[in-house]
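J.: My questions concern the predicted model and sequence given below.
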Amino acid sequence: EEVLERTAERLVELLTKGEDSLLRRLLENADASALRSVRSLARRGVDERIEVVVSDLTLKLATAEEKEAESWFWTDDRIWTTKAGLERRSAELKHLRDVKIPANQDAIGRAAAMGDLSENAEWEAAIEEQRNLTNRAQEIEAELRAAELIENAILPESLASPGTKVVYRDAAGTHEALILGPWDTEGDERVLSYRAPLAWGLLGHKAGDTVRIQLPSGVVELTLVSVSAVPLEA
C-alpha cells in the first residue's frame, strides 16, 4: 500500500508540477467543452492538484472565448447591412423627405384653411401624422449614421456571422439561411436579419455545433451543418 501511495504521489507530481506540466501540455489544445468534461470528471475524486490545473485551464479558455466574443464585429451598436440593403433604407428616407412629408404639409395647410382648429379632426390627424413622419425620418437618419457594410467586414473564419450562408438541422429537417442585415430581408425568404432571434443564436458558432436558441415560440435545438460566405460585391 505504501508503494502504491508513493507511486501515485510521483504520478501526480509528474502531471501537475510546474507552469509547463505534463497535464497542461496534454490539455493545451482542448476546447472549452472538452475541458469542462475533464473538470467534471476531476471533481468526482482525484488529487486536488489535478483539479486545480484543470480548473485553471478551463477558466483561461473561457476568458479567451469571452474576449473573442466581445470583439466580434456584430456585437456593437453598428448596424451591419449589404450595399443593397443600405440603398433600400436610404431610398425609404428619401421617399419620406421628398414625398410623404411634403404631402403631409399640404394636408396641414388644407386643414388649417377650414377654420376652427379646436374641433378640426382633419387638422389633428394631419398634425399627428406630421409627428409620426418626423420621428420616422429621424430614426432612419440615426440608423444610416450607424450603418456599416457587410461587404467591408472581415468575417471570422468558419463561424456563422452576418454575411454567411448557414445550413442547419432541427427536428423538422434541414434548412438553409442567409444571415444578412435587417434591411436585406425583402425578396428572398431564406434571408434572416442577424438581429433576429434565430440568426443571433447561431452567430459565433461553427459547423458541428449544437445550439439551443430561445425563440418567441419556445426553445429550439439546432445543429449547424455548414457555414460559408455569401458572395457579395464590394
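T.: Received the coordinates, thanks.
J.: So L96 sits against R136, correct?
T.: Yes - using CB atoms under 8 Å, L96 is in contact with R136, at 6.3 Å. For the C-beta atoms, the positions are set from N, CA and C on the backbone; glycine is no exception.
J.: Which residue of the two possesses the greater neighbour count?
T.: Set L96 next to R136 and count neighbours by other CB atoms under 10 Å: L96 wins out with 18 against 15.
J.: Quick one: residues contacting that one.
T.: L133, R136, A137, I140 (CB atoms under 8 Å, 6 or more residues apart in numbering).
J.: At the geometric centre of this protein, which residue sits there?
T.: With distances taken as CA atoms, centre = their mean, the residue of the chain nearest its centroid is W200 (3.8 Å).
J.: Is that one within a helix or a strand, and which one?
T.: Under DSSP states H and E, the secondary-structure element containing W200 is helix 197-202.
J.: can you list contacts of that helix?
T.: Here helix 197-202 has contacts from 160, 166, 168, 177, 179, 192-194, 211-216, 220, 222, 224, using CB under 8 Å, 6+ apart.
J.: Now it: average pLDDT?
T.: Summarised as a single mean, pLDDT over helix 197-202 is 94.
J.: Convert that helix to CSV, retaining C-alpha atoms only.
T.: The C-alpha trace of helix 197-202 is given here as CSV (Å, rounded to 0.1, in the frame of the first residue of the first chain):
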residue,chain,number,x,y,z
PRO,A,197,-33.5,35.6,-32.5
LEU,A,198,-32.8,32.6,-34.7
ALA,A,199,-29.8,34.1,-36.5
TRP,A,200,-28.5,35.8,-33.4
GLY,A,201,-28.4,32.4,-31.6
LEU,A,202,-26.3,30.9,-34.4
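J.: sorry, back to before: out of the contacts of helix 197-202, which end up buried?
T.: 160, 166, 168, 177, 179, 192-194, 211, 213, 220, 222, 224 (16 or more other CB atoms under 10 Å).
J.: Identify each buried residue in the top strand by length along the chain, please.
T.: Using DSSP state E to define each element, the chain has its longest strand at strand 218-229. Going by neighbour count (16+ other CB under 10 Å), the buried part of strand 218-229 is V220, L222, L224, V227.
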